[in-house]
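[1] Okay, sequence plus prediction incoming.
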Amino acid sequence: MRAGAGSGDRRGGTAAGLFGAAVLVAGTVLGAGGAYAQPSPAPSGSGSPAGSVAPGGPASPSGSGPVPPSGRAPGNAQGDEDEGDGRRDDGRGGKGDRGGKGDNGNRPGRRGGESPHPSASATGTATTPAAGAPGAPATGTAPPAAKPSGAARPAPAGTVLTAAGAGPDTGLPTSQGLQQALAAVLADKNLGTVGLAVADAADGRLLYGSGENTAATPASTTKLATSIAALSLIPGDTRLTTRVVKNAATGGITLVGGGDPTLTGLPAEQVQIGGVPADPDTAPASLDALARQTAAALKAAGTTAVALDYDVSLYAGGLLHKNHDNENIAAVTPLMVDEGKVDPKSREDAPARVTDPAGAAAEAFANLLKAQGITVQGKAKQATAPAAADAPVLGRVDSPTVARLVERMLTTSDNTLAEALARQAALAAHQPASFEGAATAVTQELARLGVPTAGVVLNDGSGLHTGNAIPPVVLVKLLALAASVDHPTLRPVLTGLPIAGFTGTLGKRFGSTSGAADAAGLVRAKTGSLSGVNTLAGTVVDADGRLLSFALMTRTTAPADTARTAMDRVVARLAACGCH
């Protein structure tokens, strides 16, 4: 146990017991009883059978996975995806959102901002339920709203956040107690302008707020909104399919993008997610497996030479984010390999990206066909029309489930994956799969779920856009939905949150010199960073073993690492007190 985190600092025993008590208080916040829609076994070529734990997630899909005995996650290598030394977010060039992938490694000299799988029909449909699940989309190039698999779509939550009042909640922190406990740490000038909301994660009641209704720039905490909407609109066991079909018009074959940016060209043993080798449940679909299937089908038909084109008609609108820099995010297209990285094995926080991810993916596929004895005639070109709905399928591979993709996106703060999931939400909501359509779909779905959208402005799914605005109380509302026993399909939002001191973008925070080390392992939260903006929203176990949710949003001229450390001390104070 970390020094200073023993029973002397916490009423009621060890952190392990308190963490367990908090989970019980919060219902099924991190645990059993339908934390996920049980994923179906992955189809051939996906390499993603169900049953393993996603990086950064403490519970298995069935809720049977162990919670670490000390309330802390094992220290895995995902910490290298954290905010590093805090020096990256220097705001050079005047771009408010350039901080070298804001949440994921503050390297000196990087530009400021924030970084960084159902079966398909033969119609160009991007998202479909896993094999055997009901609700497969109708034919056409733009799928209808995905239907829930084995469970009803989450209903509006009604009033999830209510004002804390008098009652029998003997262990509940009070507004006065929270105000007194937090006053000193909130006075830290390094925080600048602060908005804060604290709620009881068990029922979502608001316990304390300061500027909680004032909209602020959310940065990557925008991904909480994207995740809630995606999981509400799309069954969690849905997989994103990449296909190869016959092209009757050209006599060749067409590589059809299904919106899976995690499709990889790497051998399985080289695939890592956040610096950690992928387990079978999180391993991405393989482009090589797709090439082998396609080559086998062509050879069986006596074909050894073909023309190749590629279909990217699934998405609409522009490819480039308003603040695109070809590092923090790739061009947003439904066909890419390894998220468009120039070096697919790069461990950089904001790696260089290819300028044409779809063209590069088609070229890589052509080379893999050649290795299988199939000659591609000429250079692959973009298809002039969407693939025919009834085109024979020669090969297909499927991503990990949407639930797993959400976890990955949140843990590593993956901008490219966030925009892909936002577009899947748009398709499910019958909106254009564009930046604008995705923002509309997410906003409308949040309103349907009972989230107050006054003050909410969304322009993207990742949070790179400096024009986004969300009040702290809304972020706490989103966490309350994810924790609610009425919305088990939203649970991956919680299990995907980075763990302080151990995983993802919190892997290198709450360290021994931060003044917040005692809260390591007791905090799970989504980070957010743009130039001058730092946000943190998640859950924390307090000294009485109660699970609290919080949203902390700041704007400051202080160095990013200094501001983040000050924020960590605020959350650590929540962990250290009962605040009665």
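    Perfect, thanks for sending it. Residues are numbered from 1 along each chain as shown.
[2] Which elements pack onto the helix or strand containing residue 574?
    Per DSSP states H and E, residue 574 falls inside helix 560-576. Counting contacts by 3 or more C-beta pairs under 8 Å, 6 or more residues apart in numbering; DSSP states H and E, helix 560-576 packs against helix 175-186, strand 523-530, strand 533-541, strand 547-555. (C-beta placed from N, C-alpha, C; glycine too.)
[3] tell me which residues in it are buried?
    Across helix 560-576, burial judged by 16 or more other C-beta atoms under 10 Å covers 560-561, 563-576.
[4] One more: stretch 368-382?
    Quick answer for stretch 368-382 (16+ other C-beta under 10 Å): 368-369, 372, 374, 376, 380.
[5] Show residues contacting that stretch.
    With contact meaning C-beta atoms under 8 Å, 6 or more residues apart in numbering, stretch 368-382 is reached by 252, 255, 265, 287-288, 290-292, 294-296, 298-299, 303-312, 358-359, 362-363, 365-366.
[6] quick one: low-confidence parts of this protein?
    Regions of the chain meeting the criterion pLDDT under 70 cover residues 1-170.
[7] all helices for it, in order.
    15-25, 175-186, 222-233, 287-300, 357-371, 402-412, 415-428, 435-448, 472-483, 492-495, 560-576 (DSSP state H).
[8] that older thread, would you reformat the buried residues of stretch 368-382 as JSON lines and include distance to residue 416?
    Output for the buried residues of stretch 368-382, formatted as JSON lines (distance: C-beta to C-beta, whole Å):
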{"residue": "368", "distance to residue 416": "22"}
{"residue": "369", "distance to residue 416": "25"}
{"residue": "372", "distance to residue 416": "28"}
{"residue": "374", "distance to residue 416": "29"}
{"residue": "376", "distance to residue 416": "27"}
{"residue": "380", "distance to residue 416": "22"}
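[9] quick check, nearest of those residues to residue 329?
    Distances from residue 329 to those, taken as C-beta to C-beta, are shortest for residue 380 (24.0 Å).
[10] How about the closest one: what's its closest non-neighbour residue?
    Spatial nearest neighbour of residue 380, excluding adjacent residues (C-beta to C-beta, 6 or more residues apart in numbering): residue 362 at 3.8 Å.
[11] wait, what's in contact with the residue most central in space within the chain?
    Closest to where the C-alpha atoms of the chain average out (C-alpha atoms, centre = their mean) is residue 409, at 2.5 Å. With contact set as C-beta under 8 Å, 6+ apart, residue 409 has these partners: 223, 226-227, 417-418, 421, 496.
[12] what's the answer for residue 264, then?
    Per C-beta under 8 Å, 6+ apart, neighbours of residue 264: 271, 284-287, 337-338, 344.
[13] Would you quantify the distance from the nearest residue to it once chain neighbours are set aside to residue 532?
    Leaving out its chain neighbours, the residue that sits closest to residue 264 by C-beta to C-beta, 6+ apart is residue 284, at 4.6 Å. To residue 532, residue 284 is 35 Å away according to C-beta to C-beta, to the nearest Å.
[14] cool, residue 225 as well?
    21 Å.
[15] Have a look at the two and say which one is more surrounded.
    residue 225 (29 against 21; other C-beta atoms under 10 Å).
[16] List the contacts of that one.
    Contacts for residue 225 (C-beta under 8 Å, 6+ apart) come out as 218, 442, 446, 456, 458, 470, 478.
[17] among the residues you listed, who's most crowded?
    residue 470 (32 neighbours).
[18] Over to stretch 503-517 now: how far is its first residue from its last?
    15 Å (C-alpha to C-alpha, to the nearest Å).
[19] Could you pull out the buried residues of it?
    Under 16+ other C-beta under 10 Å, the buried positions of stretch 503-517 are 503-511, 514-517.
[20] Tell me the one of those residues nearest residue 352?
    Using C-beta to C-beta, the buried residues of stretch 503-517 come closest to residue 352 at residue 505, 20.6 Å.
[21] gap between that closest one and residue 497?
    Distance from residue 505 to residue 497, by C-beta to C-beta: 10 Å.
[22] Now do the shared contacts for the two.
    What both residue 505 and residue 497 touch, as defined by C-beta under 8 Å, 6+ apart, is the set 411, 526.
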